[in-house]
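Participant: I would like to see how this sequence folds:
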Amino acid sequence: MRLERLSSNQFKIFLTFDDLIERGLTKDDLWHDLPAMQALFHDMMFEASDELGFELEGVLLVQVHVLQAQGMLIVVTQNDTEEEDDEYLEMKVTLDESNELIFLFESFEDIIQLSKSVIDTEITGGSVFYYDNRYYMMFTDQDVEHKNKENVIALLSEYASPSVVTSYRLIEYGKVLLNSNAIAQINTYFNE
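Facilitator: Residues are numbered from 1 along each chain as shown. Okay, here's the model as predicted:
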């Protein structure tokens, strides 16, 4: 489980499916086992509170993004509204699942390094977008067809982090840098 403080009233948790398994849960439990999920959220909130020095009180808005084969990205925002009972903690949870394989890169150099490292894996596809001063790489089902998706995700995770930005947002508001076969094109221009 990775924790990151985003602001004075917001933090994010990234929980892989391996983290869920270590806690005795499966991906299906997210949708079907409400008591187990409540216990998981309770534990995560207090673990984050201790590690980040975040005082949990009042209303917490919890956005859960289930990312395909990667895990869960949880964004927690604490409302600044005054509550009469300081011991009262309320969570409003929004759950969203994505089947898209989109990763966020901090620099184009990271994409070049990824492309170099996957030359021997026969991964040649992908599209690259520039949006909100960051680079995104998106893979379609055809890009990772006949490949072990978990291995592809593990490779991508070495250079990037999973993104909750959707393909619709990238296509609508982002700039397409490489529309298809991004890995092959990058290796042709930068790694030969």
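
Participant: which helix or strand lies directly C-terminal to the helix or strand hosting residue 38?
Facilitator: For residue 38, the enclosing helix or strand under DSSP states H and E is helix 34-52. Next helix or strand after helix 34-52 toward the C-terminus (DSSP H and E): strand 58-67.

Participant: next one: phi and psi at residue 5?
Facilitator: As for residue 5, its main-chain torsions (degrees, to the nearest 10) stand at phi -80, psi 130.

Participant: so who does it touch?
Facilitator: 11, 52, 54 (Cβ atoms under 8 Å, 6 or more residues apart in numbering). C-beta here means a position set from N, CA and C on the backbone, and glycine is covered the same way.

Participant: would TSV of those residues with distance to residue 40, neighbour count and pLDDT be doable?
Facilitator: Converted to TSV, these look like this (distance: Cβ to Cβ, whole Å; neighbours: other Cβ atoms under 10 Å; pLDDT from 0 to 100):
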residue	distance to residue 40	neighbour count	pLDDT
11	16	21	85
52	18	13	83
54	18	18	76
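
Participant: any idea what the residue nearest the centre of the chain is bridged to?
Facilitator: For the chain, residue 162 is the residue whose C-alpha lies nearest the centre (Cα atoms, centre = their mean; 3.5 Å). Beta-bridge pairing of residue 162 under DSSP bridges involves residue 103.

Participant: so which residues of this protein form strands?
Facilitator: 2-7, 10-16, 58-67, 71-78, 89-98, 101-105, 127-131, 134-139, 161-162, 175-178 (DSSP state E).

Participant: re the thing from before, what angle sits between the helix holding residue 38 and strand 58-67?
Facilitator: 110 degrees (axes from the mean of the first three to the mean of the last three Cα atoms, to 10 degrees).

Participant: isn't residue 142 right up against residue 125?
Facilitator: Yes: at 7.0 Å, residue 142 counts as touching residue 125 under the criterion of Cβ atoms under 8 Å.

Participant: and these two? Which one has more around it.
Facilitator: Neighbour count, other Cβ atoms under 10 Å: between residue 142 and residue 125, residue 125 has more, with 18 against 9.

Participant: quick one on the thing from earlier: verify the stated contact: the residue nearest to the centre of the chain with residue 14.
Facilitator: Yes: shown here, residue 162 and residue 14 form a contact pair, counting by Cβ under 8 Å, at 7.3 Å.

Participant: what sits closest to residue 125 if chain neighbours are left out?
Facilitator: Of all residues not flanking residue 125 in the chain, residue 143 sits nearest, at 3.2 Å (Cβ to Cβ, 6 or more residues apart in numbering).

Participant: again, but for residue 160
Facilitator: Per Cβ to Cβ, 6+ apart, closest to residue 160 is residue 103, 3.8 Å.

Participant: need the contact list for residue 12.
Facilitator: Counted by Cβ under 8 Å, 6+ apart, residue 12 has contacts 3, 4, 6, 73, 74, 75, 76.
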